[in-house]
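>>> Got a sequence here, can you build the structure:
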Amino acid sequence: MSSNGGKKGGGAAGGGFFASLTSSLSSFGNVMQKSVNSLMGHEGLEVVNPEGGQDDVEEEAHKGRWEKEDRDSYWRMMQKYIGSDVTSMVTLPVIIFEPMTMLQKMAELMEYSYLLDMADECEDPYLKMVYASSWAISVYYAYQRTWKPFNPILGETYEMVNHGGIKFIAEQVCHHPPMSSAFAENEHFTYTMTSKLKTKFLGNSVDVYPLGRTRVVLKKSGEVLDLVPPPTKVHNLIFGRTWVDSPGEMLMTNQTTGDKVVLYFQPCGWFGAGRYEVDGYVYDSKEEPKLLMTGKWSKSLSYQPCDSEGEPLPGTDLKEVWKVADVPKNDKYQYTYFAHKINSFDTAPKNLLASDSRLRPDRYALEMGDLTKAGAEKSNLEERQRAEKRCREAKSEQFTPRWFTQTGEVTATPWGDLEVYEYNGKYSDHRASIDSSNSDDGIDKKSIEFNPWQYGSVEEVEGNGTVE
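The predicted structure follows:
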């Protein structure tokens, strides 16, 4: 995928913003690493400290949330998966989980949705792209959390209201490979997404490739924006302090006008150099830079008009367009205030679907701090899911999502092909019907039993007994 950034590089080789950008890009991949092989006997593992300071590699390797016995045992189990896609093939212990599912994590992209509202209202075509791309980057502060969300059960959903006038629905539409779809809408925009993660397990790290299609339609102009995010790397899964980096290129394209934004997430270099930094440009349809963008996805983003060589225009200044909101202090799971809202029933609509992620017993047990119960409930849900799969196969039936429909379209992404699901509109009809009634008055949402299942009872699934 071409960035087009190099096109303007020749004229700025002597210095300036563009020169510093290309210089930092040339250091891509320079990460502070030291092997722990000789100290710990685990061949091929690297412990990477994003802050540098690797004087005592063995001490660094022992930091993290694992006890030594658990860490060594898990490493012995995981060795056979090195080089593999481990998206859904490995059963993981709840000690590394956060009390949230992937469907809920998809909803975190809505925290700074006001930026899309501003893009919809903006008349300047290039500033419009600044707002929209800043929205796409804003979620990375939340995505740096080192805890793993629960994989959704097939048919599981997540609903959210009471935030920026948005109604949000996500559904797990496929289990092998794991795929989720989401739809959100308010008076300014519609958002649709089909997500299929692809991973590569590398021993003490995992590469995550975001096979997916994200589309935003701005209602005032009807413009369609398409997003291709960078890949992500999770370091120190087993040994050392886990941390997340997303080095690479983000591309947002206005499919209506041809304008685009190309932003570079700088890799974490020596002693943490470059970590969090994002730089790039808004281009017009002729691929001429119009605005430069710079900042840190952990703090804020700014923009400034630039000339045809990508240099700031004289007499102009950087203007901040987005900054991270205040976050809780010393939060166990590194949650933002919005992440807590996502788990709260305050953002749940009335007559909440029984398939909603908030109702998962394993997620809730982990939120309450009961790891033993969370592990047992997680195993029960996974076994029930396997039982339903056996039943479907015996009946020669297929799972059919409720709120999304497979289109038959297969789109190419930088990391592989994606089967596209589209929102079928049925949820809007369902919610409109519910919202016009008072049928759930007085119902305690927490008392609703989690039920994403295709079949009515466990007896029906197995035919000869229950799944415990």
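
>>> okay but residue 208 is in contact with residue 235, surely?
No. Residue 208 is not in contact with residue 235 according to C-beta atoms under 8 Å; the separation is 11.7 Å. C-betas here are computed from N, CA, C, even on glycine.

>>> Grab the CA positions of stretch 210-227 and hand them over as CSV.
Provided in CSV are the C-alpha atoms of stretch 210-227 (Å, rounded to 0.1, in the frame of the first residue of the first chain):
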residue,chain,number,x,y,z
PRO,A,210,-6.9,-6.0,11.4
LEU,A,211,-8.7,-7.6,8.5
GLY,A,212,-11.8,-5.5,8.4
ARG,A,213,-13.8,-2.9,6.7
THR,A,214,-14.8,0.3,8.4
ARG,A,215,-17.1,2.8,6.7
VAL,A,216,-18.5,6.1,7.9
VAL,A,217,-21.1,8.0,6.0
LEU,A,218,-21.5,11.7,6.8
LYS,A,219,-25.2,12.5,6.6
LYS,A,220,-25.0,16.2,5.6
SER,A,221,-22.9,15.7,2.5
GLY,A,222,-23.4,11.9,1.9
GLU,A,223,-19.6,11.5,1.8
VAL,A,224,-18.3,8.0,2.4
LEU,A,225,-15.1,7.5,4.4
ASP,A,226,-13.1,4.2,4.4
LEU,A,227,-10.5,3.4,7.0
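
>>> ok, back up a step: residue 208 and residue 235 - which one has more neighbours?
Relative neighbour count places residue 235 above the other of residue 208 and residue 235, with 24 against 17, counting by other C-beta atoms under 10 Å.

>>> And the more buried one, how far from residue 48?
Using C-beta to C-beta, to the nearest Å, residue 235 is found at 5 Å from residue 48.

>>> Now do the shared contacts for these two.
Shared contacts of residue 235 and residue 48 (C-beta atoms under 8 Å, 6 or more residues apart in numbering): 205, 243.

>>> per-residue pLDDT, residue 118?
For residue 118, the model assigns a pLDDT of 98.

>>> What strand or helix carries it?
Here residue 118 sits within helix 114-121, counting by DSSP states H and E.

>>> Now that helix: buried residues?
115-120 (16 or more other C-beta atoms under 10 Å).

>>> Alpha carbons only: can I get that helix in CSV?
Taking only C-alpha atoms (Å, rounded to 0.1, in the frame of the first residue of the first chain), the coordinates of helix 114-121 have been written out as CSV:
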residue,chain,number,x,y,z
TYR,A,114,-18.1,14.2,18.5
LEU,A,115,-15.2,14.4,16.1
LEU,A,116,-17.4,12.8,13.4
ASP,A,117,-20.2,15.2,14.3
MET,A,118,-17.7,18.0,13.6
ALA,A,119,-16.6,16.4,10.4
ASP,A,120,-20.3,16.3,9.2
GLU,A,121,-20.8,20.0,10.0
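
>>> helices and strands around the following helix or strand past that helix, which ones?
Past helix 114-121, heading to the C-terminal end, the next element that is a helix or strand (DSSP H and E) is helix 125-138. Using 3 or more C-beta pairs under 8 Å, 6 or more residues apart in numbering; DSSP states H and E as the contact criterion, the elements in contact with helix 125-138 are helix 114-121, strand 205-218, strand 248-254, strand 260-265, strand 277-283, strand 289-296, strand 300-305, strand 319-323.

>>> returning to that earlier point: packing partners of the helix holding residue 118?
Other elements packing on helix 114-121 under the criterion 3+ C-beta pairs under 8 Å, 6+ apart are helix 125-138, strand 189-201, strand 205-218.

>>> Return the most buried member of these.
Of the helices and strands packed on helix 114-121, the one with the most neighbours on average (mean count of other C-beta atoms under 10 Å) is helix 125-138, at a mean of 24.

>>> can you list the residues that contact that helix?
Helix 125-138 is touched from outside by 109, 111-113, 115-116, 118-119, 122, 214, 216, 218, 223, 225, 227, 229, 250, 252, 254, 257, 259-261, 263, 278, 282, 284, 290-291, 293, 297, 301, 303, 321-322, 324, with contacts defined as C-beta under 8 Å, 6+ apart.

>>> I'd like the distance from it to the chain centre, please.
Chain-centre distance of helix 125-138: 18 Å, with C-alpha atoms, centre = their mean, to the nearest Å.

>>> got the angle for it vs strand 248-254?
Helix 125-138 and strand 248-254 meet at an angle of 140 degrees, taking axes from the mean of the first three to the mean of the last three C-alpha atoms, to 10 degrees as the criterion.

>>> Report the inter-axis angle for helix 125-138 versus strand 260-265.
Using the same axes, to 10 degrees: helix 125-138 against strand 260-265 is 40 degrees.

>>> so after helix 125-138, what's the next helix or strand?
Downstream of helix 125-138, the first helix or strand assigned by DSSP H and E is helix 140-143.

>>> What are the contacting residues of that next one?
Outside of helix 140-143, the residues that reach it under the criterion C-beta under 8 Å, 6+ apart are 105, 108, 111, 232, 244, 246, 265, 297-298, 324, 336, 338-339.

>>> And stretch 426-441, by the same measure?
Outside stretch 426-441, the residues within contact range by C-beta under 8 Å, 6+ apart are 167, 169, 183, 185, 349-352, 402-403.

>>> can you tell me the average pLDDT over that stretch?
In this model, stretch 426-441 has a mean pLDDT of 81.

>>> same check, this time on stretch 216-228
Averaged over stretch 216-228, pLDDT sits at 97.

>>> Can you give the distance from it to the centre of its chain?
Put simply, stretch 216-228 sits 20 Å off its chain's centre (C-alpha atoms, centre = their mean).

>>> From one end of that stretch to the other, what's the distance?
End-to-end span of stretch 216-228 (C-alpha to C-alpha, to the nearest Å): 12 Å.

>>> Repeat that for stretch 292-300.
14 Å.

>>> May I see the buried residues of that stretch?
Judged by neighbour count (16+ other C-beta under 10 Å), stretch 292-300 contains these buried residues: 292-297.

>>> of all the residues you listed, which comes closest to residue 372?
The shortest approach to residue 372 among the buried residues of stretch 292-300 belongs to residue 297, at 36.5 Å (C-beta to C-beta).

>>> The closest one touches residue 276, doesn't it?
Yes. Using C-beta under 8 Å, residue 297 and residue 276 qualify as a contacting pair, with a distance of 5.6 Å.

>>> nearest residue to residue 227 other than its sequence neighbours?
Residue nearest to residue 227 in three dimensions, not counting chain neighbours: residue 214, with 4.1 Å by C-beta to C-beta, 6 or more residues apart in numbering.

>>> Select, out of the helices and strands packed on helix 114-121, the one closest to residue 421.
Of all the helices and strands packed on helix 114-121, it is strand 189-201 that lies closest to residue 421, at 4.9 Å by C-beta to C-beta.

>>> picking up where we left off before, any chance of TSV for the helices and strands packed on helix 125-138, columns distance to residue 178?
TSV is the format used below for the helices and strands packed on helix 125-138 (distance: least, C-beta to C-beta, whole Å):
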stretch	distance to residue 178
helix 114-121	27
strand 205-218	11
strand 248-254	22
strand 260-265	24
strand 277-283	28
strand 289-296	31
strand 300-305	31
strand 319-323	30
